[in-house]
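Colleague: for reference, the sequence and a predicted model appear below.
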Amino acid sequence: VSAAAAMAFAAISRYPWVLLCVVILLISCSYWISSSSYGQNIEEVPPDCRVKRLNNAKDSPANHNTQVPGVDNVQAKEQLKNVKNFYEYSRLKLGENIESMKDDPELQLVMKSFLEQLGAHDGGLKQRHQEAAGLTSAVQAAITRLQNPADCSQAKKLVCHLTWGGCGYGCLIHHTTYCLITALATGRVLVLSDRKWPHSDLVIKTFLKPLSSSCLNYTGPTKLVWEVDPSDPSPVLEISISDYQKLIRNKQAYNPPAVHDALAARIFSLAAEPNAWWAGQFVGYLLRYNDTVSKRLRKEEEKINFSSPVVGVHVRRTDKIGTSGGGTTSMAFKVEEYMEEVEKWFRVYEMSHNKTKRQIYLATDDTKVLEECHSKYPEYTIFENLKVAQSAAKSLRSSDESLLGVIHDIHMLSLTNFVVCTHSSNICGLVYELLHFKHGQASSMLYSLDRPYSTYPYIYPTDFQALVDEPSTNLIRGDRLVTSNVERNYFVQEGNNSYLIRTYNPRTGEKHSYPKYKIK
């Protein structure tokens, strides 16, 4: 304890913002613990849900039914709700900022442990789980209502295709996620066509549960579009797969990272990356596998000892290396770089738990990686599936087994306690979104060796707000900033694994890049 305290004081002396955040957290925490739990009445999201940009979320009222013992004062209730939200936001922001302490790894690990223990003992853990479950239930219910209208023949439809050029499985699911987000925002039932995957004769949707129990088809001609206007009266719209460049440049208000305005304040208090949580709701709905696939996955789960912590590792190699993913070029990282992050996670875990055995689930498209890990890390229990790795070979990717192998890896990785991967791979992004779907707040459950998370391939201009003054760039606290996208990417790499956000300031007309902790 004394050693941890010394490290914490060292952090405060070197990083003044740590002191500010800790003070805010402790003051808010005392108020938080003495208050009642989150309300249980979760507002249902209507099928024709309205959305607005993340930075406007603060204007929307949170839908808590907070009860303050012995107080029947509306203002006091509102103050309590604000304290809770501010405490949660500050706790999440502190966790985000600790990630920037890369010049002192040991100090960073201690601060991570400190923050995790704070979250575990501040009296709000149960309420966070309830809030996460309630929000997820509301969004899933809204999607289910949308997809199962009372009269399918009268419902407007949106037709999408699980086939996009040379897209792999992860890429296809992300395109379809955008379709489902669009469908919910515009009040249209999403219908997936029977088009085959370009890689093979497979029809991807047959591996999944139907999106609806009552409305799976459409009749009549379709209107091809590259953006879906909510006011379009056409009975059936079809998103054109040939107009992707136009599609990613449309200016509809529901585009990522927009979230539903009635839930936004609560989502901001729950998740450090609200856009990953929101995308995760739609990914979670889509990736409901049919009975055959589900039975196979359950059988595979039984082979892994989840009673002790397991860290997932996804090593993407082969044809991915050198290609563009999210505006960055995919690189081949050494096995040691993955395992360094794995070991860091176990060290943080053991700062508040007993010593534990080292276990990883290793997913890769290169069998040589399996051999290398077994050779270099004999002290680790390594769960892997050689057949899955072999089926990922480029020459075999058109087979059922290859697709089932990818599904298997995504599912298993989403069950682990922590994941190390690269966000230049769509598989890494899917796992991150599924972790948010399963846990609510999951920004600390995955580490990317390359770029940060984004809603790639749908990255639209995003509003941020300055948190600090910075005279050298004429930045004033409160300035509205808009991301400056280049090649579907607004991240700028600084150093080995630090990224800045490229922005445009409408007030000054200047473009500058900032670390994430200076803006929100």
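Modeller: Sure thing, it's come through.
Colleague: report the contact partners of V431.
Modeller: Taking Cβ atoms under 8 Å, 6 or more residues apart in numbering, we find V431 in contact with 312, 314, 410, 413-414, 419, 421, 446. Glycine gets a C-beta too; all of them are placed from N, C-alpha and C.
Colleague: which ones among the residues you listed are found in strands?
Modeller: Counting by DSSP state E, the members of the contacts of V431 that fall within strands are 312, 314, 419, 421, 446.
Colleague: ok, how many other residues are close to the last one?
Modeller: L446 is flanked by 25 other residues according to other Cβ atoms under 10 Å.
Colleague: now it: closest residue in space, sequence neighbours ignored.
Modeller: Excluding the flanking residues, the one nearest L446 by Cβ to Cβ, 6 or more residues apart in numbering is V419, at 4.4 Å.
Colleague: wouldn't the one you found be in contact with V310 here?
Modeller: No. In this structure V419 lies outside contact range of V310 using Cβ atoms under 8 Å: 10.0 Å.
Colleague: who has more neighbours out of those two?
Modeller: Set V419 next to V310 and count neighbours by other Cβ under 10 Å: V419 wins out with 27 against 22.
Colleague: contacting residues around stretch 304-316?
Modeller: 330, 333, 335, 338-339, 342, 345-346, 349, 356-357, 359-366, 369, 381, 383, 409, 412-413, 415-422, 424-425, 427-428, 431.
Colleague: what's the average pLDDT for it?
Modeller: For stretch 304-316, mean pLDDT is 94.
Colleague: give me the distance between it and the centre of its chain.
Modeller: Stretch 304-316 has its average C-alpha position 19 Å from the chain's average C-alpha position, going by Cα atoms, centre = their mean, to the nearest Å.
Colleague: and stretch 472-488, by the same measure?
Modeller: Centroid displacement of stretch 472-488 relative to its chain, using Cα atoms, centre = their mean, is 23 Å.
Colleague: which residues does it contact?
Modeller: With Cβ under 8 Å, 6+ apart as the test, stretch 472-488 has contacts from 55, 248, 324, 326-327, 456-457, 459-469, 490, 501-508, 510-512, 514, 519.
Colleague: can you flag the buried ones in these?
Modeller: Neighbour-count burial within the contacts of stretch 472-488 applies to 55, 248, 326-327, 456-457, 459-460, 462-464, 466-467, 490, 501-505, 512, 514, 519; the criterion is 16 or more other Cβ atoms under 10 Å.
Colleague: what ranges do the helices span in the stretch 151-300 of the chain?
Modeller: The residue ranges that make up the helices of the stretch 151-300 of the chain, judged by DSSP state H, counting those that start in this stretch, are 169-186, 244-247, 264-270, 274-286, 291-301.
Colleague: just how off-centre is the fourth one within its chain?
Modeller: The gap between where helix 274-286 is centred and where its chain is centred comes out at 7 Å by Cα atoms, centre = their mean.
Colleague: one more: the longest one?
Modeller: Per Cα atoms, centre = their mean, the displacement of helix 169-186 from the mean C-alpha position of its chain is 14 Å.
Colleague: now for that helix, which elements pack on it?
Modeller: The helices and strands touching helix 169-186, judged by 3 or more Cβ pairs under 8 Å, 6 or more residues apart in numbering; DSSP states H and E, are helix 125-147, strand 157-160, strand 189-192, helix 274-286, helix 400-414, helix 426-439.
Colleague: out of these, which comes closest to Y244?
Modeller: Ranking these by proximity to Y244 (Cβ to Cβ) places strand 157-160 first, at 12.3 Å.
Colleague: and the closest one, what does it pack onto?
Modeller: helix 169-186, strand 189-192, strand 236-239.
Colleague: name the helix or strand of this structure that has the lowest mean pLDDT.
Modeller: Scoring the helices and strands of the chain by mean pLDDT, DSSP states H and E places strand 51-52 at the bottom, with a mean of 44.
Colleague: quick check: what element follows it along the chain?
Modeller: Past strand 51-52, heading to the C-terminal end, the next element that is a helix or strand (DSSP states H and E) is helix 74-98.
Colleague: test my guess that Y458 contacts Y178.
Modeller: Yes. At 5.0 Å, Y458 counts as touching Y178 under the criterion of Cβ under 8 Å.
Colleague: average pLDDT for stretch 404-419?
Modeller: Model confidence over stretch 404-419 averages 96 on the pLDDT scale.
Colleague: what's the answer for stretch 441-454, then?
Modeller: What stretch 441-454 shows for mean pLDDT is 93.
Colleague: cool, and stretch 505-514?
Modeller: Across stretch 505-514, the per-residue pLDDT values average to 97.
Colleague: quick one: contacts of it?
Modeller: Residues external to stretch 505-514 that are found in contact with it (Cβ under 8 Å, 6+ apart): 466, 470, 473-476, 479-482, 484, 492, 494, 500-504.
Colleague: from one end of that stretch to the other, what's the distance?
Modeller: Stretch 505-514 has its terminal residues 12 Å apart, counting by Cα to Cα, to the nearest Å.
Colleague: just how off-centre is that stretch within its chain?
Modeller: Its chain's C-alpha centre lies 27 Å from the corresponding centre of stretch 505-514 when counted by Cα atoms, centre = their mean.
Colleague: isn't V189 up against C152?
Modeller: Yes. Because the distance of 7.2 Å satisfies Cβ under 8 Å, V189 is recorded as touching C152.
Colleague: joint contacts of those two?
Modeller: Listed as contacting both V189 and C152 by Cβ under 8 Å, 6+ apart are C215.
Colleague: between these two, which one's more packed in?
Modeller: With neighbours defined as other Cβ under 10 Å, V189 and C152 compare such that V189 has more, 23 against 18.
Colleague: give me the neighbour count for the nearest residue to E273 once chain neighbours are set aside.
Modeller: Nearest residue to E273 in three dimensions, chain neighbours excluded: S443, at 5.0 Å (Cβ to Cβ, 6+ apart). One way to gauge burial is a neighbour count; for S443, by other Cβ under 10 Å, it gives 18.
Colleague: spit out the contact partners of S443.
Modeller: When the contact criterion is Cβ under 8 Å, 6+ apart, the partners of S443 are 92, 95-96, 271-273, 276.
Colleague: now do N426
Modeller: 168-171, 173-174, 325, 456.
Colleague: and the contacts of stretch 304-316, which are buried?
Modeller: When neighbours are counted using 16+ other Cβ under 10 Å, those contain these buried positions: 330, 333, 335, 338-339, 342, 345-346, 349, 359-366, 369, 383, 409, 412-413, 415-422, 424-425, 427-428, 431.
Colleague: now do the contacts for L449.
Modeller: Contacts were defined as Cβ under 8 Å, 6+ apart; by that measure L449 touches 333, 337-338, 341, 420-422, 497.
Colleague: from those residues, pick the one nearest H260.
Modeller: When those are ranked by distance to H260 (Cβ to Cβ), C421 comes first, at 28.4 Å.
Colleague: these two touch, right, that closest one and S448?
Modeller: Yes. With contacts counted by Cβ under 8 Å, C421 reaches S448, the gap being 6.3 Å.
Colleague: returning to that earlier point: if we compare the helices and strands packed on helix 169-186, which one ends up closest to Y218?
Modeller: With Cβ to Cβ, the closest approach to Y218 among those belongs to strand 157-160: 4.5 Å.
Colleague: contacts for the closest one, please.
Modeller: Among residues not part of strand 157-160, those counted as contacts by Cβ under 8 Å, 6+ apart are 175-176, 179, 182-183, 186, 188-193, 218, 222, 228, 235-239.
Colleague: buried sites along that strand?
Modeller: Counting neighbours by 16+ other Cβ under 10 Å, one finds that the buried residues in strand 157-160 are 157-160.
Colleague: and for stretch 96-103?
Modeller: Judged by neighbour count using 16+ other Cβ under 10 Å, the buried positions of stretch 96-103 are 96-99, 101.
Colleague: only alpha carbons, please: show it as PDB.
Modeller: Provided in PDB are the C-alpha atoms of stretch 96-103 (Å, rounded to 0.1, in the frame of the first residue of the first chain):
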ATOM      1  CA  GLU A  96      -8.300   7.900 -20.700                       C
ATOM      2  CA  ASN A  97      -5.500  10.300 -19.600                       C
ATOM      3  CA  ILE A  98      -3.500   7.700 -17.800                       C
ATOM      4  CA  GLU A  99      -3.000   6.100 -21.200                       C
ATOM      5  CA  SER A 100      -0.900   9.100 -22.100                       C
ATOM      6  CA  MET A 101       1.600   8.400 -19.300                       C
ATOM      7  CA  LYS A 102       3.800   6.400 -21.700                       C
ATOM      8  CA  ASP A 103       7.200   7.900 -20.500                       C
END
